[in-house]
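> Mind folding the following:
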Amino acid sequence: MDKKNTPEKKRRLSLAAILFCAALAAGLLGLIFVPKQDYSALEKRYLAKDPVLTAETLFDGSFGDDFEEYLSDHFAGRSFFVGCYSYYSLLLGNNGANGVYCGQDGYLINEPVSPEDSILTRNMAALTALAENTGLPTTLIAVPSTGYIYSDKLPALHEEYRDNLYFSEIYAAIQGTGLELIDLRDTFLSQKDDVQLYYRTDHHWTTEAAYLAYQALCVQLGLEPLGREAFTIETVSGFKGTTSASSGFYLTAADDIQVWHNQALDGHITLEIWEGEDCETYDTLYFEENAQGDDQYTLFLDGNHSLQYIYNDSADGGTLLLVQDSFAHCPTPFLAAHYEKIVIVDPRYYKLPISQLAREEGADAILIVYGIDNLCTDTDVPFIQ
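Okay, the predicted model is just below:
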């Protein structure tokens, strides 16, 4: 008898075929009958919408791409399988998954960015043009990357973090301009063993790190920084950030977020959040109810918005224009004690000339706060001019 076609082998092949078809059928039934979600809390992102079939989308190929993305986002048990794949990759000897290194002491660290050479040059030209066009004292805080500061937490094999090169390019770009740089590298490297400067599950700096930056900024601006005794510190537990979400390492221990309340400002602060012509007004800078939601980092200033105003009726005066990405959300409440008005603008959403906004708001000084990775990759920075 031909051993290749024994009854036992036929039974095994039949069983494998049945299991394969059953898995396909289960996946199809799950796709049809399992309720669809618009948002993934674990991945902290919106999922693909139903693809639209038209003659145009069919023939230009976009329907196929949209349908493939839809299937990827909505198959039953997706989050479970994403997590399994990440840990499976780790067991195979990979250093991480989905652009995230799995480091020591529970640190999940984004791989270094690989920017186009022209982006940082173009962005620095926009920042220096802002300083020159307004004639105002302008300060840049470029926040170093987690991987550069916590290089000792990285796996043995990793790509190079080029923060030193980027800072050299920044220094070269600001020579002879009105833009001043606050360089936090040495401060952070000297403090990293004593203070947790970055979250383990998120790319942002912690409140402790933001306070160190605030102290350095006050020295630069000639302000008297508030001491730690001025704040009541509250700890919010259970924070898992976007790095954890994108990596698939869902079993990583959660972080704590510190909220530093300056009680001297109670009753004196007004926050306006503008989106187009719509404005919402609040009497707080901390949205602690957001700490119970999917995006806990938005407890600072309610997260990303195109334009915000902070008014402090107990301040002696002064208007600060703050140009920022999300790294500014945490230290901004410290600055609220020093200015009667802070105008916060995010170039990712605000598309009008910011130099014009500075003139209209009567700004006395400009502060720019950006993570170094964003400064090297963000294509919206030219709107700053």
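> give me the element residue 123 is part of.
Secondary structure from DSSP states H and E places residue 123 in helix 117-134.
> Look up phi and psi at residue 98.
When read as degrees, to the nearest 10, the backbone of residue 98 gives phi 50, psi 40.
> That one is in contact with residue 243, isn't it?
No. Residue 98 is beyond contact range of residue 243, at 9.8 Å (criterion: Cβ atoms under 8 Å). (Each C-beta comes from the backbone N, C-alpha and C, glycine too.)
> So the two - more neighbours on which side?
residue 243 (26 against 17; other Cβ atoms under 10 Å).
> Name the nearest residue to that one, sequence neighbours excluded.
Spatial nearest neighbour of residue 243, chain neighbours left out: residue 108 (4.7 Å); criterion: Cβ to Cβ, 6 or more residues apart in numbering.
> What's the local residue count around the one you found?
27.
> Residue 288 too?
By the criterion of other Cβ under 10 Å, residue 288 has 13 neighbours.
> and it, what does it touch?
Taking Cβ atoms under 8 Å, 6 or more residues apart in numbering, we find residue 288 in contact with 236, 259, 299.
> Reduced to three states, what does residue 311 come out as?
strand (DSSP: H, G, I helix; E, B strand; the rest coil).
> Touching, it and residue 336? I think so.
No. With contacts counted by Cβ under 8 Å, residue 311 stays clear of residue 336, the gap being 9.0 Å.
> Comparing the two, which residue is more hemmed in?
Applying other Cβ under 10 Å to residue 311 and residue 336 shows that residue 336 carries more neighbours, namely 21 against 16.
> looking at this, residue 152 is in a helix?
Yes. Checked against three-state DSSP, residue 152 lies within a helix.
> pLDDT score for the closest residue to it other than its chain neighbours?
Distance criterion Cβ to Cβ, 6+ apart; nearest residue to residue 152, sequence neighbours excluded, is residue 104 at 7.5 Å. In the predicted model, residue 104 carries a pLDDT score of 93.
> For the stretch 101-250 of the chain, which segments count as strands?
Remark: strands assigned in the stretch 101-250 of the chain by DSSP state E, counting those that start in this stretch are 108-110, 138-143, 179-182, 232-239.
> winner for burial among these?
Comparing the strands of the stretch 101-250 of the chain by mean neighbour count (mean count of other Cβ atoms under 10 Å), strand 108-110 ranks first with a mean of 26.
> Check which helices and strands the helix holding residue 123 sits against.
Helix 117-134 is packed against strand 138-143, helix 163-174, strand 179-182, helix 354-361, strand 365-371, helix 372-377, with contacts defined by 3 or more Cβ pairs under 8 Å, 6 or more residues apart in numbering; DSSP states H and E.
> which residues are in contact with it?
By Cβ under 8 Å, 6+ apart, the surrounding residues in contact with helix 117-134 are 138, 140, 166, 169-170, 173-174, 177-179, 323, 354-355, 358-359, 363, 366, 368, 375-379, 381-385.
> Got a ChimeraX select line for the buried ones in the residues you listed?
Burial among the contacts of helix 117-134 is assessed by 16 or more other Cβ atoms under 10 Å; the matching ChimeraX selection reads:
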select :138,140,166,169,170,173,174,177,178,179,323,354,355,358,363,366,368,375,376,377,378,381,383,384,385
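> one step back: make JSON lines out of the contacts of residue 288 and add distance to residue 273.
Shown next, in JSON lines, are the contacts of residue 288 (distance: Cβ to Cβ, whole Å):
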{"residue": "236", "distance to residue 273": "21"}
{"residue": "259", "distance to residue 273": "19"}
{"residue": "299", "distance to residue 273": "14"}
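> Give me the distance between the residue nearest to residue 243 and residue 154.
Separation of residue 108 from residue 154 (Cβ to Cβ, to the nearest Å) stands at 11 Å.
> With residue 168 instead?
In terms of Cβ to Cβ, residue 168 sits 22 Å off from residue 154.
> more neighbours, these two?
More crowded of residue 168 and residue 154, by other Cβ under 10 Å: residue 154, with 22 against 11.
> can you count the residues close to the residue nearest to the more buried one when sequence neighbours are not counted?
Spatially, and ignoring its direct neighbours in sequence, residue 154 is nearest to residue 103 (5.3 Å; Cβ to Cβ, 6+ apart). Applying other Cβ under 10 Å, we find 21 residues neighbouring residue 103.
> Test my guess that residue 103 contacts residue 156.
No. Between residue 103 and residue 156 there is no contact, the gap being 10.5 Å when judged by Cβ under 8 Å.
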